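**Q** Any chance you can model this:
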Amino acid sequence: MKVSEMFPTKWISAADLQNREVTVTIRDIAMEQVEQDKPPKPVLYFTGGQKGMVLNKTNSNSIAVLYGDDTDGWSGKPITLHTQWVDFKGEMKQAVRVKLNEMPTAAPALPQEQPPFDEAIGVDDDIPF
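**A** From the prediction side, this is the model:
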């Protein structure tokens with residue numbers, strides 16, 4: 001028997017991923033009491049899954065890069081979870097991370113009516129650098 005099976009948790013951990021990448025679809029996000037005497041934290045839930053994933057700032061920012069800052073727009077979106085070794089309070093531990101392989105490859109185009117940068121600020125060709 002595995003230790004992770006002897007002490008099950010309601011939150012996704014690195015042990016749950018078994019060193020695999022797993023693509024899941026976000027069902028919803030809720031603020032929940034994760035630890036006693038600490039403020040509530042955001043928890044993601046996935047379609048077809050039972051366990052929630054407590055979001056830290058790193059994973060929250062990764063999802064925001066993919067789908068925007070407003071968590072209301074995350075439902076129905078896929079993310080890929082993987083494990084990564086991280087320094088946690090001076091100890092190396094495996095953590096669950098959101099993979100950014102779905103990132104857009106190009107920045108959005110600027111509107112056509114904007115003048116080129118040089119015209120917008122006025123270029124002084126006498127500056128020696």
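
**Q** helices and strands of this protein: which one bottoms out on pLDDT?
**A** Counting by mean pLDDT, DSSP states H and E, the chain has its least confident helix or strand at helix 117-121, which shows a mean of 51.

**Q** Tell me where the model's unsure across this structure.
**A** Scanning the chain for pLDDT under 70 picks out 4, 102-129.

**Q** Let's see that with 50 instead.
**A** The model of the chain has pLDDT under 50 over residues 123, 127-129.

**Q** Going along the chain, name the strands of it.
**A** 22-32, 41-46, 53-54, 78-88, 91-99 (DSSP state E).

**Q** Residue 5 is nearest to which of the ones you listed?
**A** With CB to CB as the criterion, residue 5 lies closest to strand 91-99 of those, at 16.8 Å. For every residue, glycine as well, the C-beta is placed using N, CA and C.

**Q** Identify the neighbouring strands of that closest one in the sheet and state each direction.
**A** Sheet pairing for strand 91-99, assigned by DSSP bridges, gives strand 78-88 (antiparallel).

**Q** Show me what counts as buried in the partner strand.
**A** Using 16 or more other CB atoms under 10 Å as the test for burial, strand 78-88 gives 79, 81-83.

**Q** For it, which outside residues touch it?
**A** Contact with strand 78-88 is made by 12, 14, 17, 19-26, 53, 63, 66, 92-99, 101-102, as judged by CB atoms under 8 Å, 6 or more residues apart in numbering.
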